[in-house]
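Visitor: sequence and predicted structure, then a few things I'm wondering about:
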Amino acid sequence: MTATFEGEARLALRFAIASSLWEVAVRYTVRIDVEAPADAGALEELRARGAAQLLAEGFATVVEIRGPEGVVVRPCRVRCVAHDRGAVIEAAVEAPALEDARTGLRLTAVRLLGEHEALAGWRVVACRVRGEVLAASPVVEPAAGPLAVLRAGALSASRADRDRAREHLLYHADRLRAFGAEMFKAAQAPPEGGPPAAVDPQRDRLLAGALMVGVDMLFDGLYHDLDLLQRTGGTAAEVTEAWLLGELPRCAAHRYDVTFVRRFLLVAGTGTHRLTQSRWVAPVCLAEALALRLAYRAACDYVSGHGLLADPQPHFASLEEHTLAPAHVSALRALNGGGLTAAAFEGPEQPWEPATWFAPTGDPAAAHPYGSHSAPVAAMQG
């Protein structure tokens, strides 16, 4: 990422922050801890305050922080507080995703430290982020995450926003290679004796692009939730800020801990990667199918939330039926039906125990080697 400072901004074209994967503005509070070299000892108050002032003046000149693929992070408010080992920088920023906010502010802090001879040897020792969705609709809880904003229709309905979202989907359409519009039923057989069904290439590409953007949203959300659980040390049942884990069966939320999310990320990566291959291979375990369904629903919410298609839901329902094994479709309907209790997810004897979601039901060689075994993933926590 590169920071654009006031002097540079006069020569640079300004563009809107809304061009993000989520197309939802999120305000994050980023806390960065910087410290003087270890051999400096405790800092005198005057030196510590001077360092904090230099950093504050540096951040005050930052207009925006630009990353790859058009990502823009904008600082809204920054304050620096000195202490006897260095300083704490607290910044309110608008960014498309948590990692963008973290990476952008951290790299900017590193750059500013390197620009001042008085701060030679100083370093960033910690960077933490918390965020909230900026939604105008009072019915959306900020902690619910961008998917809730999309579903509530809290986005701007301006033509410019819709055009930007449409271009974003069309840009990503070519990433889908495993199948074509037939899986969405975008090209249907004509009624008997009737004219041929109209082919709509633009719609087909919108759906393909939405699917791949839905995959990006899936991983943004899972990494957000993993970071949240790592910080709290709890489960999804104990937090209210989860973005994607809230889409899983809620009566098993007490089982969604750090180990589960890491394991789920592995199989989600395997399942979604197949979308970019030359032929489609259906998910080989229920967890893969569940991850794909989350991506499908995120894609549908994106299209619907931006008003790009009148009724995208039938297309993604068709996609679920065509790309998942019948047994997985039935299992997902049961999980989604709300008739199960927490007891159904407890113990190895129970058919819905989350560990069974990772057991291969197809070719075991097609499954991620760590995804079907919890021990290696659990060992990663160290």
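Guide: All right, it came through fine.
Visitor: tell me where the stretch 151-300 of the chain has helices.
Guide: 159-172, 201-232, 258-273, 286-305 (DSSP state H, counting those that start in this stretch).
Visitor: got the buried residues for the helix or strand following the last one?
Guide: Sequence-wise, the next helix or strand beyond helix 286-305 is helix 313-323, with elements assigned using DSSP states H and E. Within helix 313-323, the residues that count as buried by 16 or more other CB atoms under 10 Å are 315-316, 318-320, 323. The way it works is simple: take the backbone N, C-alpha and C, and place the C-beta from them, glycine included.
Visitor: surely R102 meets R31?
Guide: No. Using CB atoms under 8 Å, R102 is not in contact with R31; the gap is 10.2 Å.
Visitor: more neighbours, those two?
Guide: Neighbour count, other CB atoms under 10 Å: between R102 and R31, R102 has more, with 21 against 14.
Visitor: residues near Y223, how many?
Guide: 17.
Visitor: can you get me a residue count around the nearest residue to Q277 once chain neighbours are set aside?
Guide: Once flanking residues are discounted, Q277 sits nearest to A178: 5.4 Å by CB to CB, 6 or more residues apart in numbering. The burial count assigned to A178 is 16, neighbours taken as other CB under 10 Å.
Visitor: OK, contacts around A178?
Guide: The neighbourhood of A178, defined by CB atoms under 8 Å, 6 or more residues apart in numbering, consists of 274-281.
Visitor: any of the residues you listed buried? List them.
Guide: So, by 16+ other CB under 10 Å, the buried ones in the contacts of A178 are 274-275.
Visitor: quick one: low-confidence parts of the stretch 251-382 of the chain?
Guide: In the predicted model, the stretch 251-382 of the chain carries pLDDT under 70 at residues 337-351, 362-382.
Visitor: can you tell me which residue is nearest the centre of this structure?
Guide: D220 (1.5 Å; CA atoms, centre = their mean).
Visitor: from A355, how far out is that one?
Guide: Taking CB to CB, to the nearest Å as the measure, D220 falls 26 Å from A355.
Visitor: picking up where we left off before, find the residues that touch each one of R102 and R31.
Guide: In contact with both R102 and R31: 127, 129, using CB under 8 Å, 6+ apart.
Visitor: wait, E321 sits on L332?
Guide: No. Assessed by CB under 8 Å, E321 is found out of contact with L332, at 10.8 Å.
Visitor: okay if I get the helices of the stretch 151-300 of the chain as CSV plus distance to A97?
Guide: What follows is these, written out as CSV (distance: least, CB to CB, whole Å):
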stretch, distance to A97
helix 159-172, 14
helix 201-232, 5
helix 258-273, 16
helix 286-305, 13
